[in-house]
Structures are given as C-alpha cells and as structure tokens.
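1. Fold the following and give me the result.
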Amino acid sequence: MSSENVQTKWGQFISLIIVFFFWGFVGSANDILIPVFKKVFTLSQVQSQLVAWAFYAAYFVGSLIFFLVSLKLDVLQKFGYKKTLSAGLLLSACGSFLFIPAATMESFPFFLTALFTVGLGFSIQQIVANPLAIKMGSPATGAHRLTLAGGINSFGTTIGAILLGIALFGMGDNKKTALSLEDIKLPFIILGLAFIVVAVFMNFSKIEDPAKEDEEEIKVAHEKFNILDYPQLYLGMLGIFIYVGTEVTIISNLPALLHTAEFGNILEDAIAPFIALYWGSLMIGRWNGGVNVFNTSNLVNTALKFIVPAIAFGVIIGANLFAAHDVSSFYIYPIWILLFIAVSFVGGKNAGKTLMLFGISGVLMMFAGLVCPDPQIAKFFFISGGLFLSIMWPSIFDLAIAGLGKNTGKASSFLIMMILGGGIIPLIQGSICDIDLTSPNGIFGITWTHFSYIVPLIGFAYLGFYGFYCPKILKRQGINHVEGGGGGH
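-> Take a look at the predicted model:
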C-alpha cells in the first residue's frame, strides 16, 4: 500500500462513499426537522437547536469512547475496517428505527435520543472511513480521494433536504402545510433499512483491512504526548469546533430568520429550497476544490474551475425544479459563486492562505448580510457562507496535524471530537434569536434573529486568524507546509 504507484481501488472506494452520502443526507434532514419540531412541540428557538446539539454531541461522545477504548485495545487492528464500519451503520439503523416510537409517543426527548443514536453510529463511521479513503490507493492521492468523498457528502446534504421535504410535505399541487408526526415515520424506516443494506454490503465487500502492526509500533503509537506541545493542534481543535459550529449554525437558524416578517414569513413547507441552496453551496465549493484531483493543463484546470461550479449549481436548481419549488429568486446567486471562484484562485493550493482568505470573505459576507437594507439580498449573503466554508475542513485538518508524526492518529481523534461545535454554537445563536420574544423591537433597527448572525461572523474571524497564524507556528518549528487537500466531514 505504501507504493506511490498503487492505483485507486475504485470498486472499494465507490462502496465506501455511499457512507459519506448518508452523513450528508441526515445532516441536512436535521435542518428540515428543526422548524417542524419547533412548530409541533411549540419550542423556543434555542430549544429547537437541541436537534443539532443531540446529533453533534453524539460525535463527541462516540469519538471519546472510541479513544478511551483504543488506549486498551486497537479496535481497527482487532476487528478490522469492515466490521467496525458495519457496526457503526447498524447503530445508525437502530437510531433511525427509534423515530417510529418517538413519533407514536409524540415525545421530543425521544426524538433527540433517536438522533443521538444515529450520530453515535456516524462517529464510528467517521473514524473508520476518513483514514480508509486515504488508504484506498496511493498515499499521494489520498487527500484528493477525501475531496471526492467530501463532494459526495455535499451531494447528500443538497438533495437530502429536498427529498425529506417531498416526503413530509408532498410536492406541487398536492403540497400540504400542516404536518403530523406520523409523516416522519416512513422516511426514517426507509433510511434505517438503507443503513442495514449498506452494512451487509460492506461486510461482503472486498475492502481490505489494515496491515497488522507489530507490538513495537503499537507501543510507540501509545506513548503519551502532550497536546500543549503542539499549538497548531490545540488551536486547530478550536478551529474544527468553530468551523463545524459555524457551518451548522448558519443553516440551523435560517428557518427562524426566514420566518420573521422582515424576511417574508416563509413557512416550514417552503424552507427546503433554501436549505438545499446552502448545502449546495458547500457542494459547489468542494466540487471546485476537487478539480485539483485531475492532472490537467493550466488552461483546462482554469476552465473546469468555472464549468464544475456551474454544473453543481445546475444540480441544485434541477433538484428544486423536480420538487416543483419556485427558485426564480436563486438566479442572482451566481454573483456570489463568481466571487468565491475569484477568492479560490488567489488562495491556490496553500492551506493557510486559503483559510485566511476564506475566513475574511466569510466575515465580509456575514457583515453585508447584517447591514444590507434589502432582506431578499441579505439572505443570500448569509447562505453564501456555505461557499466560503466549503473547503475549510481539510485546510484546518492539514495544518493541525502538520509535524505530528507518529501522533497523527491520536491528533485526528481529538479533532473529530471537536465536531461537538456543531451542537453548541447553534445553541448560542438560538438564544440570541429568542431575545425577540422579550424585546420584539430588536436592535440597531433589525430583529434579534437577524442580529444573531454576528455569531458566524465571529466564527469566520477566528478561522481567518488561524489560517494566518498557524503557518507562522509551523515555520518556527521548522515545518514548511504549503499544500492543502480538500474534503468534508
């Protein structure tokens, strides 16, 4: 496997990226469930954000358990990739089936338990699938395979919102605005069965298990290391926490923003196109980053940087038109896409520079959304946050593990734990939204829900700072780190 000439094992890899698709599908399904649960259970905005909290806290708990177990027993060495991945899929299937009694009992805490269980399964899948994607071929193209997997993950998030929207509300003339919790059962029964099918498929697939390490290597890998010795790692852990939190909070609180009178009183049944556009923005960015996978001339590469985002935008529009959604207001959005492409050209393949520029761009987009007097334009500034977040994950990951050598595996598990940010930061923004309940006059002439987008603005500011500062840390350690991959969580 260590040979540079190893070809990518496409048969195995394609079966693996189905798992990446599922992560995306369920991630965007949460954004449909948040406004639905808020209405059915009459929740405050911060209470509705417990949906994100339950899902992302599960990543933290699952990664922590996995890490603690690995101190005594190397799970992947003992059981292999396939069995561990299948176990994670079956755990997610159990979580999906828990939606049935949760809907029958009309219990919000039960729904949260079901989501937590799905997320717990996902945390196991994440720990296995990310390194496995890198190992399925030459190490030199490992990051590019992760890019491709990230693009499939984003495709799942883009169509997940639309498909669940159709399943819950119907489409076209048969669309309904009232919703019963009974409607939630069927989509999650199908999802649970799909998890089981993929688990069985994985178990019989030709995915190879890792080569057994000798006792000496395992002993070296388990030597203690101090996080505080590596500022790139602990600042990177905060970076992943803020990155995932910012990514989730922008979209988790968007239904509440669009529901305000200021933004047009958009109801739950009409929210799916906006969720699809946001997650589609991450898909546009990742597909654009994925162009670097192909060894093409500069001219072809430049052309693809425009063609691929255009195709991705076409997928978003096409999926929405299929679902009979009115997306006429979306045709202005290519302005933001062109802006993103321009910034990505300046960043190039330099992880730190890209992160810094995208962080600054995100700050400017959030600020423009806060001060723009036209809500119909302001919402696109907020949604465009997805474009500038799209390729941050691999840049942060890349910088955080640079120079860690034999401790890279441990560092990776600490970074995965920081996905917890997706559960906490939306709660902070949701609590700002709820000030509207006590102070309906808002602040600075806008509602508190609108003002709450100061939270992702601060998030982008830190991410830009990390992109600027981390290469300086690495330079002091004698590490010249320039190349950055591209992927998604």
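
2. so who does Ala87 touch?
-> Neighbouring residues of Ala87 by CB atoms under 8 Å, 6 or more residues apart in numbering: 79, 124. All C-beta atoms are positioned from the backbone trio N, CA, C, and that covers glycine.

3. rerun at 10 Å
-> Going by CB atoms under 10 Å, 6 or more residues apart in numbering, Ala87 touches 75, 79, 121, 124-125, 128, 199, 203.

4. Filter these down to the buried ones and hand me the ChimeraX line.
-> Listed next is the ChimeraX selection for buried residues among the contacts of Ala87, using 16 or more other CB atoms under 10 Å:
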select :75,79,121,124,125,128,199
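
5. Which of the contacts of Ala87 sits closest to Thr113?
-> Taking CB to CB as the measure, Thr113 lies nearest Gly121 of those, at 13.2 Å.

6. so which helix or strand takes in the closest one?
-> helix 108-135 (DSSP states H and E).

7. now do Val315
-> Using DSSP H and E, Val315 sits in helix 298-322.

8. Buried residues in that helix, which are they?
-> Neighbour counts using 16+ other CB under 10 Å place 304-305, 308-309, 312-313, 315-317, 319-320 of helix 298-322 among the buried residues.

9. Show me what that helix is packed against.
-> Contacts defined by 3 or more CB pairs under 10 Å, 6 or more residues apart in numbering; DSSP states H and E place helix 298-322 against helix 142-169, helix 272-290, helix 334-347.

10. Which one, of those, ends up nearest to Ile383?
-> Taking the helices and strands packed on helix 298-322 one by one with CB to CB, helix 272-290 is closest: 4.9 Å.

11. Helix or strand next in line after the helix or strand harbouring Ala411, which one?
-> When elements are assigned from DSSP H and E, Ala411 belongs to helix 408-417. Counting by DSSP H and E, the element after helix 408-417 in chain order, helix or strand, is helix 421-433.

12. what's that next one packed up against?
-> If you count contacts as 3+ CB pairs under 10 Å, 6+ apart, helix 421-433 packs onto helix 10-40, helix 45-48, helix 50-72, helix 108-135, helix 231-252, helix 254-259, helix 448-451, helix 454-476.

13. Among the ones you listed, show the one with the smallest mean pLDDT.
-> Of all the helices and strands packed on helix 421-433, mean pLDDT reaches its minimum on helix 10-40 (a mean of 79).

14. how much does that one deviate in direction from helix 108-135?
-> If you take axes from the mean of the first three to the mean of the last three CA atoms, to 10 degrees, helix 10-40 sits at 160 degrees to helix 108-135.

15. got the helices and strands packed on helix 421-433 as CSV, with distance to Ser297 columns?
-> Below are the helices and strands packed on helix 421-433 laid out as CSV (distance: least, CB to CB, whole Å):
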stretch, distance to Ser297
helix 10-40, 24
helix 45-48, 50
helix 50-72, 41
helix 108-135, 27
helix 231-252, 33
helix 254-259, 40
helix 448-451, 46
helix 454-476, 29
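
16. Among these, which comes closest to Phe188?
-> helix 108-135 (7.9 Å).

17. who does the closest one touch, helix- and strand-wise?
-> Applying 3+ CB pairs under 10 Å, 6+ apart, we find helix 108-135 packed against helix 10-40, helix 50-72, helix 75-97, helix 99-105, helix 142-169, helix 185-204, helix 408-417, helix 421-433.

18. lowest-pLDDT helix or strand in this structure?
-> None of the helices or strands of the chain scores lower by mean pLDDT, DSSP states H and E than helix 215-221, at a mean of 50.

19. Can I get stretch 347-364 in CSV, CA atoms only?
-> C-alpha atoms of stretch 347-364 as CSV (Å, rounded to 0.1, in the frame of the first residue of the first chain):
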residue,chain,number,x,y,z
GLY,A,347,-5.7,31.1,-2.4
GLY,A,348,-4.4,28.4,-4.8
LYS,A,349,-3.3,25.2,-3.1
ASN,A,350,-1.8,26.9,0.0
ALA,A,351,-3.8,25.7,3.0
GLY,A,352,-3.0,28.6,5.3
LYS,A,353,-3.6,31.3,2.7
THR,A,354,-6.8,29.8,1.5
LEU,A,355,-8.1,29.5,5.1
MET,A,356,-7.2,33.1,5.8
LEU,A,357,-8.8,34.5,2.6
PHE,A,358,-12.0,32.4,3.0
GLY,A,359,-12.2,33.5,6.7
ILE,A,360,-12.0,37.2,5.7
SER,A,361,-14.5,36.6,2.9
GLY,A,362,-16.9,34.9,5.3
VAL,A,363,-16.6,37.9,7.7
LEU,A,364,-17.5,40.3,4.9
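
20. What mean pLDDT does that stretch get?
-> For stretch 347-364, the mean pLDDT works out to 89.

21. can you give me how far that stretch is from the chain middle?
-> Centroid separation between stretch 347-364 and its chain, computed with CA atoms, centre = their mean, to the nearest Å, is 18 Å.

22. In that stretch, which of the residues would be classed as buried?
-> In stretch 347-364, counting by 16+ other CB under 10 Å, buried: 347, 350-364.

23. what's the closest of the residues you listed to Pro101?
-> Among the buried residues of stretch 347-364, Gly362 lies closest to Pro101 (CB to CB), at 40.7 Å.

24. Gly285 is in contact with that closest one, correct?
-> No. Between Gly362 and Gly285 there is no contact under CB atoms under 10 Å: 11.7 Å.

25. what sits in contact with each of the two?
-> Taking CB under 10 Å, 6+ apart as the criterion, Gly362 and Gly285 both touch 386-389, 392.

26. returning to that earlier point: nearest to Ala272, of the helices and strands packed on helix 108-135?
-> If we rank those by CB to CB, the stretch that ends up nearest is helix 142-169, at 3.2 Å.

27. Which strands and helices lie in contact with that closest one?
-> So helix 142-169, by 3+ CB pairs under 10 Å, 6+ apart, packs with helix 10-40, helix 108-135, helix 185-204, helix 272-290, helix 298-322, helix 392-401.

28. quick one: it to chain centroid distance?
-> Relative to the centre of its chain, helix 142-169 is centred 10 Å away, using CA atoms, centre = their mean.

29. Let the chain start at 40 from now.
-> With 40 as the first residue, the last one maps to helix 181-208.

30. pLDDT (mean, whole number) over it?
-> What helix 181-208 shows for mean pLDDT is 77.

31. Could you tell me the angle between that helix and helix 147-174?
-> In terms of direction (the same axes, to 10 degrees), helix 181-208 departs from helix 147-174 by 150 degrees.

32. Helix 181-208: which residues count as buried?
-> Using 16+ other CB under 10 Å as the test for burial, helix 181-208 gives 181-208.

33. That helix relative to helix 270-291, how many degrees between them?
-> Relative orientation of helix 181-208 and helix 270-291, computed by the same axes, to 10 degrees: 20 degrees.

34. any idea how far Ala349 is from Pro373?
-> Distance from Ala349 to Pro373, counting by CB to CB, to the nearest Å: 8 Å.

35. Distance to Pro414 for the helices and strands packed on helix 147-174 - can I get that in CSV?
-> Shown next, in CSV, are these (distance: least, CB to CB, whole Å):
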stretch, distance to Pro414
helix 49-79, 18
helix 89-111, 24
helix 114-136, 37
helix 138-144, 34
helix 181-208, 21
helix 224-243, 31
helix 447-456, 37
helix 460-472, 16
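
36. Brilliant, that's me finished.
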